[in-house]
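Trainee: have a look; sequence and predicted model below, questions after that.
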Amino acid sequence: TRRYAPRSKTGCITCRIRHVKCDEARPACNRCTSTGRKCDGYPEPSETECGKSTHRSLTVNLPALTALANQPRLGTDRENRAQEFFQVQTISQLTEVFRSELWDRYVLQLALSEPSIHYAKVALGAIHLSFSTGTPSISGEDELFALQQYNKAISRIVHPPKPLSPIVVLVACYMFSCFETIRGNHEASFRHTASGLQLISTMVHNGAEDEAIEKSLVQKFASLDLLAAVYDPGWVTYSVHYTPQTDNRGPFTSIEQAHYGLTALLQSILRFKRLEGSQYGKDVLERKDTSAEREQLLADLAQWSAAFEPFLNDMISTSAGEQTQAMQLLQIQQLAGHIHLSVTVWDEQMSYDKFLPLFQKIVSLAEVLLSPSDVSSKPDKRKIKKFLYEHGVIPSLYLAGYKCRDPVVRRKAQRLLASARRKEGVWESDVMAKVVEQIIAIEEGGG
């Protein structure tokens, strides 16, 4: 797949927006001042955004929810527009599949009392607003405003006027990672994710309210950990720091329990596949026997499915419509995980042929999952490009288009990717659709 080439990490904000070389003079660069432009200064070093601020105890006081309704509109029109978009669209999209109090409640409350979260909210709303219009690139003026708010947020994390709760730092890390992902700066996004995961390993909850916030954050960062691991072969998962205590033996009682359990299993599968990949090319006698571990992971996946099926049937019978997308996505990811695990690095491409029924089910479920955005009663909604910060459906559809040799199934997977108009973390549906299209042309055209 196509790798992202990060922008220059040096230079003033103005030169970076203009895509010109900065001489990096301080406090204002000569490139700007010599042409009569205002130099907007330099961003804080990204290596320290989330990881090196001073922390107080975990307890964090949240303003009452009623304060949100009475929040005054004191900012500029641009700030108010960004905040409104964040509250109406950003939160809605980020919680479209898996509901989360992190966005529905905690972030909005924290933004009332923590300047860093307020600025992060404005920055994220501004960059997401530009992204959602589907324009080829974000305008310089829009990106400059978003970066200014983003750097204000970073400054208040790195140099806080008072010690910060780890909860505040974690929320900021998550929002910063989200911001950089929308910009396409995946390297910086992964650094924020890593900082948050490292911080999680040091946290000890303090009270029922904090425990609920912590649980929500850990679940979100577990998803980001998986998202990074699926995309980047060099990513080392941090799951040892937050090993989920998930019981997959009995019927699940919540979608969160099923989601967390599957996330842990998929991380284990990725670690195993990398171990297996390291054996490729070795002499048969030198290879480590991985068959027992593969069989155990397949058994764990089967156990997860056995616990999920009665929960799924119960949800269907009670018509829990808001959970439908989440259940469909978990089914898709379990099927893709099973296929990925079952085929070894030494197997031929034809080994995937026996999984045709699973590929067909993945594509069928994905078609239903994506249909609300593709077939809308409001045509203008189709113009909005969605952003979801989860390990979603795109990697599974890519697997179907790449590995399934059935021409009908792989073309349907390609069409779904092409029409989805969504970005799931670092995975962009239109980019992966083009990759699958090229793979089909090469394999079926004999080129």
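Mentor: Perfect, I can see it now. Residues are numbered from 1 along each chain as shown.
Trainee: would you put the C-alpha positions of the helix or strand hosting Gly337 in CSV?
Mentor: Taking DSSP states H and E as the definition, one finds Gly337 inside helix 324-342. Only the C-alpha atoms of helix 324-342 are listed here, as CSV (Å, rounded to 0.1, in the frame of the first residue of the first chain):
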residue,chain,number,x,y,z
THR,A,324,-26.7,-2.9,14.6
GLN,A,325,-23.6,-1.3,13.0
ALA,A,326,-21.4,-2.2,15.9
MET,A,327,-22.5,-5.9,15.7
GLN,A,328,-22.1,-6.0,12.0
LEU,A,329,-18.6,-4.6,12.2
LEU,A,330,-17.5,-7.0,14.9
GLN,A,331,-18.8,-9.9,12.8
ILE,A,332,-16.8,-8.6,9.8
GLN,A,333,-13.6,-8.2,11.8
GLN,A,334,-13.9,-11.7,13.3
LEU,A,335,-14.3,-13.3,9.9
ALA,A,336,-11.3,-11.3,8.5
GLY,A,337,-9.2,-12.3,11.6
HIS,A,338,-10.1,-15.9,11.1
ILE,A,339,-9.0,-15.9,7.4
HIS,A,340,-5.8,-13.9,8.2
LEU,A,341,-4.8,-16.3,10.9
SER,A,342,-5.7,-19.5,9.1
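Trainee: buried residues, it. List them.
Mentor: 324-342 (16 or more other C-beta atoms under 10 Å). Every C-beta, even on glycine, is put in place using the N, C-alpha and C of the backbone.
Trainee: the inter-axis angle of whatever helix or strand comes next after it versus helix 324-342?
Mentor: Sequence order places helix 356-374 as the next helix or strand after helix 324-342, per DSSP H and E. Inter-element angle recorded for helix 356-374 and helix 324-342: 150 degrees (by axes from the mean of the first three to the mean of the last three C-alpha atoms, to 10 degrees).
Trainee: and the next element down the chain from helix 356-374?
Mentor: Using DSSP H and E, the helix or strand that follows helix 356-374 towards the C-terminus is strand 386-388.
Trainee: what is the helix or strand that comes right after that next one packed up against?
Mentor: Once strand 386-388 ends, the next helix or strand along the chain (criterion: DSSP H and E) is helix 394-403. Packing partners of helix 394-403 (3 or more C-beta pairs under 8 Å, 6 or more residues apart in numbering; DSSP states H and E): helix 324-342, helix 356-374, helix 407-420, strand 427-428, helix 429-445.
Trainee: isn't Phe176 up against Ile154?
Mentor: Yes - here Phe176 reaches Ile154: they are 7.0 Å apart, a contact under C-beta atoms under 8 Å.
Trainee: now do the helices in the stretch 201-350 of the chain.
Mentor: Listed in chain order, the helices of the stretch 201-350 of the chain (DSSP state H, counting those that start in this stretch) span 208-231, 255-278, 291-317, 324-342.
Trainee: what is the orientation angle of the second one with helix 324-342?
Mentor: If you take the same axes, to 10 degrees, helix 255-278 sits at 20 degrees to helix 324-342.
Trainee: list the contacts of Trp103.
Mentor: 91, 94-95 (C-beta atoms under 8 Å, 6 or more residues apart in numbering).
Trainee: from those, which ones fall inside helices?
Mentor: Under the assignment DSSP state H, these contribute 91, 94 to helices.
Trainee: between the contacts of Trp103, which sits nearest Asp289?
Mentor: Using C-beta to C-beta, Leu94 comes nearest to Asp289 of these, at 42.8 Å.
Trainee: what sits against that closest one?
Mentor: 100, 103, 178, 387-389.
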